[in-house]
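Trainee: Structure for the following, please:
(2 chains)
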Number of protein chains: 2
Amino acid sequence: MERHFDKELDGLKTSLIKMGSLAEEAVRLSIKALIENDPALAHKVIQEEERINSLEIEIDNAIVDILALQQPVAIDLRLILAAQKINNDLERIGDHAVNIAESVITIQSCDDRKQLIFIPKMAELAEQMLRDALDSFVHNDPQLGMSVLEHDDTIDELNRNVFHRSVENMKNNQRTIEMGMHLTRISRNIERIADLATNIAEEVIFIAQAKIVKHRAN
Amino acid sequence: MERHFDKELDGLKTSLIKMGSLAEEAVRLSIKALIENDPALAHKVIQEEERINSLEIEIDNAIVDILALQQPVAIDLRLILAAQKINNDLERIGDHAVNIAESVITIQSCDDRKQLIFIPKMAELAEQMLRDALDSFVHNDPQLGMSVLEHDDTIDELNRNVFHRSVENMKNNQRTIEMGMHLTRISRNIERIADLATNIAEEVIFIAQAKIVKHRAN
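Mentor: Predicted coordinates for the structure are as follows:
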């Protein structure tokens, strides 16, 4: 029985790692599509969303089965409840990548790339946060999870900067308005991705330390 | 044993209903603060967030305890897993209400209220969706849950309209830029609240029908 349970738990972890890879790839490609102004790549991100959505449902069902059949307690139970949240967070990250991809398609004829401002830097940091959050889950490394939490404020500040710089640009040149609106939308989606990576890192810390670090700033 | 479990399940449901009321009130007051340009009320919404955050953690802990001690199966297990998601959705709704409240404070000196465009209508519909989603949970009424799902497209369309009308206004009068940026931010937050209300309704349907209706449009 015990051995069977371990195998199911490993299976769940493997599925979540796959889900993490899909979400990470969606983010990476949506940002690549933005920076290289590649609407075909953006369309690919939108098409791939279906795989993330299906896997989310598959993992949710696996969680119900494991809980019903194995009735785990203590650390195993915590791991499984955290898995449900991480699964949901990853699906939302996929949604945000799709939002970015949709904006890329809308702004494809605007070639004013210098308006991107801090977005590549922001995206790089958000991608790093997501990678670290997933690695901290895979390797059960709460220290790495803690490092993700530290970057959240930097992302928030970069997002605010994009907002204010866009407003300035728009005021100075009304032809930048449409692009500026989409760039602030993209910036906000990146900020949400970083936020969800932070949630994942918090779950990893929760699993490891049985300590809730959410809402620590309140 | 059975009677004790029912009592715990009722307790969980009561806590979630309380969480729902807090989230609903946060949304209602943030919109009231917007429409009446009342920054003091917006500050109140921000202060109250702490209660929502604390209750979220309390409910999460109660869920771990119930699962560990009672090891429920079938419909009870599904109810508890859905409760974890609904809890998380309600906390996020509280976050969006706070975002709206923050925008209200930022735009308080702008008295151009006619720029609100479709926002009161959108907010009214989102509030109705949240109320119905919570009622469908309280009364275990999947039919009412289904009606929530039907409004999601309307909200999306209203959100797009706010975006396009704001861009038009900004192009015609650059003094509307800052306000327009905040109004599209508010509109998006309302759209996210409606989206989370839709998630809650989907969970209610899932509990009742053991059928996943998520990603139905894919």
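
Trainee: Every contact and neighbour count from this point should use C-alpha atoms.
Mentor: Fine.

Trainee: Now do the contacts for the closest residue in space to A:Ala82 that isn't next to it in sequence.
Mentor: Using Cα to Cα, 6 or more residues apart in numbering or on different chains and skipping residues adjacent in sequence, the residue nearest A:Ala82 is A:Glu203, 5.8 Å away. Going by Cα atoms under 8 Å, 6 or more residues apart in numbering or on different chains, A:Glu203 touches A:82, A:85-86.

Trainee: Of those residues, which belong to strands?
Mentor: Assignment to strands by DSSP state E places none of the contacts of A:Glu203 there.

Trainee: Considering these, which possesses the most neighbours?
Mentor: Within those, neighbour counts (other Cα atoms under 10 Å in any protein chain shown) peak at A:Ile86, which reaches 26 neighbours.

Trainee: Now for the closest residue to it other than its chain neighbours, how many residues are close by?
Mentor: Nearest non-adjacent residue to A:Ile86, counting by Cα to Cα, 6+ apart: A:Ile200, 5.6 Å away. Using other Cα under 10 Å, the number of residues around A:Ile200 comes to 30.

Trainee: and A:Ile200, what are its phi and psi?
Mentor: When read as degrees, to the nearest 10, the backbone of A:Ile200 gives phi -60, psi -50.

Trainee: Quick check: it touching A:Arg131?
Mentor: No: with contact defined as Cα atoms under 8 Å, A:Ile200 does not reach A:Arg131; the gap is 10.6 Å.

Trainee: Next, the buried residues of stretch A:7-23.
Mentor: Neighbour-count burial for stretch A:7-23 flags A:8-9, A:12-13, A:15-17, A:19-23 (criterion: 16 or more other Cα atoms under 10 Å in any protein chain shown).

Trainee: what does stretch A:183-190 give?
Mentor: Residues of stretch A:183-190 classed as buried: A:183-190 (neighbour count, 16+ other Cα under 10 Å).

Trainee: Flag the shaky bits of chain A, pLDDT-wise.
Mentor: For chain A, applying pLDDT under 70 flags the ranges A:1-3, A:111, A:210-218.

Trainee: For it, what lies in contact range of chain B?
Mentor: When proximity is defined as Cα under 8 Å from any Cα of the partner chain, chain A approaches chain B at A:50, A:53, A:57, A:64, A:67-68, A:71-74, A:77-78, A:81, A:85, A:167, A:170-171, A:174-175, A:177-178, A:181, A:212, A:215, A:218.

Trainee: Distance of A:Ala133 relative to chain B?
Mentor: Between A:Ala133 and chain B the distance, using Cα to the nearest Cα, to the nearest Å, works out to 19 Å.

Trainee: how close does that residue sit to A:Thr176?
Mentor: To A:Thr176, A:Ala133 is 36 Å away according to Cα to Cα, to the nearest Å.

Trainee: the more surrounded of those two?
Mentor: A:Ala133 (30 against 19).

Trainee: which element is the nearest residue to that one once chain neighbours are set aside on?
Mentor: Spatially, and ignoring its direct neighbours in sequence, A:Ala133 is nearest to A:Ala201 (4.9 Å; Cα to Cα, 6+ apart). According to DSSP states H and E, A:Ala201 maps onto helix A:177-209.

Trainee: what angle sits between that helix and helix B:177-209?
Mentor: 50 degrees (axes from the mean of the first three to the mean of the last three Cα atoms, to 10 degrees).
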